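1. Starting from these lines, generate the structure:
(chains A and B, ligands or ions: 2)
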Amino acid sequence: MTKVRMRQAVIQALADELESDPSVILLGEDIAAAGGAFKATEGLLDRFGPVRVRDTPISEMGFLGAAVGAAMAGLRPVVEMMFVEFTGVALDQLVTEAAKVSYLSRGELTAPLTVRASAGAGLGFGCQHSQFLDHWFRATPGLKLAVPSGARTAYGLLRAAIRDPGPVVVLEPRVLYGDREDVEFGEAGILPLGRAHRVSSGDDVTLVALGATVPTAVAAQQLAAGAWTADIIDLQTLVPWDRQSVLGSVRHTGRLVVVEESPYSGGWGSEICDYIAGELFGELTAPALRVTTPDTPVPYSQPLEERFVPSPELVADQVGQLLATGRRPAPWWEASAQR
Amino acid sequence: MTGERRERRAQLATPLGPFERMAEIRAVEEHIQLLFNEGHVRGSTHLSNGQEAVAVGVAAAARLTDVVTCTYRGHGQALALGLTAKEVIGEIVGRTVGCAGGLGGSMHLVGPDVGLWPTFAIVGAGLPVAVGAALASQVNRSGRAAIAVFGDGAANIGAFHESLNLAAIWQLPVVFVCENNLYGEYTRIQLSTPVSDLADRAAGYAIPGLVVDGQDVAAVTAAVSEALERARADGGPTLLEMKTYRYSGHSKSDPGSYRPAGELDQWLRRDPITIEAGRLIDGGTATAEQLAAVSSRIAAEVRRAAADALAAPQPAVAEMLIHVHG
Ligand SMILES: Cc1ncc(C[n+]2csc(CCOP(=O)(O)OP(=O)(O)O)c2C)c(N)n1
Ligand SMILES: [Mg+2]
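-> Residues are numbered from 1 along each chain as shown, chains lettered A, B, ... in the order given. Ligands and ions are numbered 1, 2, ... in the order given. Now for the predicted structure:
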């Protein structure tokens, strides 16, 4: 085990895959000479050379599309989208092209590419550089979607994504790049896609979290100071998500709370709640609760952005209310709940 | 607000106007760097020092009713069009006095009453939107023109090519102003772009393309004015390539270490404010002493504006919940 920052874990995952598989190449804006806007590809140009580690012009549709073609022709390209929003100008190539390659060729062709994108709010980048946008990819059959919650998962999930036979999107929560965590490097550190990880065990509630909401959920439980204990589940992969782990946990606790950094409407937690409500109808001791962001763009102002993202205080408060009343508290932005 | 913005816009037509506004932009950008270093600016900020002549020339040439779309490197353009230092700095430090009430930040300045549509943080995004403003003008016969301001890096994104083509086939009243400052983030233009004059790309769309000295505010004003005149006379779009340079790094605390030694010094010798000062002095419009006094007055005003902005309140939480849907 080595304690490293998340961005270093990304570099190590890329280096290990570049090392072990000559078909892996990296593409992206300022990823080679400059080492990446978030320094998540630093040193790789020197180590692996300009044929495999390439800077691109500001032409996302072009280089993401080229990654699709290169993947179909036998390479394993890893594309960096500096901010997930930039995928917007290239979305066709991912959602409508890459995601259909296997289906249309009846499995004869595949597009094993990985798109890494920094995502999420919290750093004051304003509304066009702070969205999480998992929903752009989540409901597209043919794409997988993984979200690390720190250095350990950044390493393990990225290596699995690169090895996956189809297109995988990895959304890296930008707020976590500098955070340190123990990581097991090497084959043993690879985390299979589609499996969740239980971060802590408890009895009162199941907290399902993803990406940056994993540390939020952990901090919320600490704030509760023993008033309740939670099974905290780091989902790790959103497509496909680990139904069995969540089901097993909620069967034990009887209560489900999902903590999401995405708008309330259409958020990924709805999917979790729908499945659990259907499977465990009658066994739940409280209604399922989702703690999300409001349905608004991400505000720039610091106090507003801090309010926008679910905080440990908010999660602790919402879980506390759920346990105390057996009812689902109204979201804070609804007039009735405004304080 | 509108009155003051319009007055400031009108000042660009006075003999000292362009000099004063460029000096103000320089002072504001330098102050924003200080505020960034002190932690008052969140996320990122993209300074435009060195490129003042483009912003001021565009604003001087445009009518109040014309639409300008521009980028995250838009502080100078906003000030040039008429926004005050207080509302620009206020936005960048996230206060209620900001032009977007503190909800937008450095990359999202706005002032529709003087033609500034919310600035675009996605490279290339402003071009098709300007084309659309020009389309509306053609349909409504409003006489309004649109100006899209964007960087050299944006000339490699699909939106640039699609916009030029659309504007050309429909002969729309739009002017494409490319600020070629030689870099897109940390990448030098030669590494991303196979032509040395981006104006050459106009030929592919059969529209006029001109290289302009982006450090000379008079040259910029003249070129944009001529292109606007042609646009309003149903002569269609123009691509103008402003050769310019950003003195600062791309954003934040980027020191610009990827730039060859001596390059910055070479461009500092063609500083737009110094060039305009020389013109005013040579033409007998002002003395060096008078211009120095103007500059220090402006610096003091900018300091005061920044202090006022910082003293203003942060927006209330309820602000983030409104105006989501039009
Ligand atoms: C579609 C898209 N891709 C990438 C970025 C990240 N980015 C922001 S500014 C920039 C460089 C743009 O260079 P240029 O167009 O020359 O404008 P300049 O910053 O030099 O004014 C890049 C790559 C973005 N904002 N949008
Ligand atoms: Mg540039």
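2. Check the offset of stretch B:267-281 from the chain's centre.
-> Centre-to-centre, stretch B:267-281 and its host chain are 18 Å apart (Cα atoms, centre = their mean, to the nearest Å).
3. quick one: buried residues of it?
-> Within stretch B:267-281, the residues scored as buried using 16 or more other Cβ atoms under 10 Å in any protein chain shown are B:267, B:270-273, B:275-277, B:279-280. Backbone N, C-alpha and C define where each C-beta goes, glycine included.
4. May I have that stretch exported as PDB, CA atoms only?
-> What follows is stretch B:267-281, C-alpha atoms only, in PDB (Å, rounded to 0.1, in the frame of the first residue of the first chain):
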ATOM      1  CA  TRP B 267       5.600  41.800 -27.600                       C
ATOM      2  CA  LEU B 268       5.900  44.300 -24.700                       C
ATOM      3  CA  ARG B 269       7.700  46.500 -27.200                       C
ATOM      4  CA  ARG B 270       4.400  46.600 -29.200                       C
ATOM      5  CA  ASP B 271       2.200  47.300 -26.200                       C
ATOM      6  CA  PRO B 272      -1.200  48.600 -27.300                       C
ATOM      7  CA  ILE B 273      -1.400  51.200 -24.600                       C
ATOM      8  CA  THR B 274       2.100  52.600 -25.400                       C
ATOM      9  CA  ILE B 275       1.300  52.600 -29.200                       C
ATOM     10  CA  GLU B 276      -1.900  54.600 -28.600                       C
ATOM     11  CA  ALA B 277      -0.100  56.900 -26.200                       C
ATOM     12  CA  GLY B 278       2.500  57.500 -28.900                       C
ATOM     13  CA  ARG B 279      -0.200  58.300 -31.400                       C
ATOM     14  CA  LEU B 280      -1.900  60.800 -29.100                       C
ATOM     15  CA  ILE B 281       1.400  62.500 -28.200                       C
END
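5. what's in contact with it?
-> Residues outside stretch B:267-281 that contact it (Cβ atoms under 8 Å, 6 or more residues apart in numbering or on different chains): B:15-16, B:18-19, B:22-23, B:26, B:50-53, B:214-218, B:245, B:247, B:286-288, B:291.
6. A:S249 contacts A:T206, doesn't it?
-> Yes - the criterion here is Cβ atoms under 8 Å, and A:S249 meets it with A:T206 at 4.3 Å.
7. Tell me which of the two has more neighbours.
-> Taking other Cβ atoms under 10 Å in any protein chain shown, A:S249 and A:T206 do not tie; A:T206 has more neighbours (28 against 23).
8. Out of the contacts of stretch B:267-281, which end up buried?
-> For those, buried by 16+ other Cβ under 10 Å: B:16, B:18-19, B:22-23, B:26, B:50-53, B:214-217, B:245, B:247, B:286, B:291.
9. Distance of A:A9 relative to chain B?
-> Taking Cβ to the nearest Cβ, to the nearest Å as the criterion, A:A9 is separated from chain B by 23 Å.
10. near ligand 1, which residues of chain A show up?
-> Within reach of ligand 1 by Cβ under 6 Å from any ligand atom, chain A has these residues: A:29, A:58, A:60, A:82, A:86, A:89.
11. Pretty sure the first one sits against A:L64.
-> When you say that, I think you mean A:E29. No - judged on Cβ under 8 Å, A:E29 makes no contact with A:L64 at a distance of 11.3 Å.
12. helices and strands around the host helix or strand of B:R230, which ones?
-> Here B:R230 sits within helix B:217-232, counting by DSSP states H and E. The elements that helix B:217-232 packs onto, with contact taken as 3 or more Cβ pairs under 8 Å, 6 or more residues apart in numbering or on different chains; DSSP states H and E, are helix B:17-37, helix B:52-61, strand B:174-180, strand B:209-213, strand B:238-243, helix B:272-282.
13. possible to save those as JSON lines with distance to ligand 1 and mean pLDDT?
-> Output for the helices and strands packed on helix B:217-232, formatted as JSON lines (distance: least, Cβ to the nearest ligand atom, whole Å; pLDDT from 0 to 100):
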{"stretch": "helix B:17-37", "distance to ligand 1": "13", "mean pLDDT": "97"}
{"stretch": "helix B:52-61", "distance to ligand 1": "10", "mean pLDDT": "98"}
{"stretch": "strand B:174-180", "distance to ligand 1": "6", "mean pLDDT": "99"}
{"stretch": "strand B:209-213", "distance to ligand 1": "16", "mean pLDDT": "98"}
{"stretch": "strand B:238-243", "distance to ligand 1": "11", "mean pLDDT": "99"}
{"stretch": "helix B:272-282", "distance to ligand 1": "15", "mean pLDDT": "98"}
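14. And for the residue nearest to B:T2 when sequence neighbours are not counted, the neighbour number?
-> Spatial nearest neighbour of B:T2, excluding adjacent residues (Cβ to Cβ, 6 or more residues apart in numbering or on different chains): B:D113 at 4.6 Å. B:D113 is flanked by 17 other residues according to other Cβ under 10 Å.
15. Could you list which residues are in contact with A:F48?
-> Contact partners of A:F48, counting by Cβ under 8 Å, 6+ apart, are A:15, A:18, A:26.
16. Strands of the stretch 1-150 of chain A, start to end?
-> With DSSP state E, counting those that start in this stretch as the criterion, the stretch 1-150 of chain A has strands at A:2-5, A:24-28, A:53-55, A:76-81, A:114-119, A:144-146.
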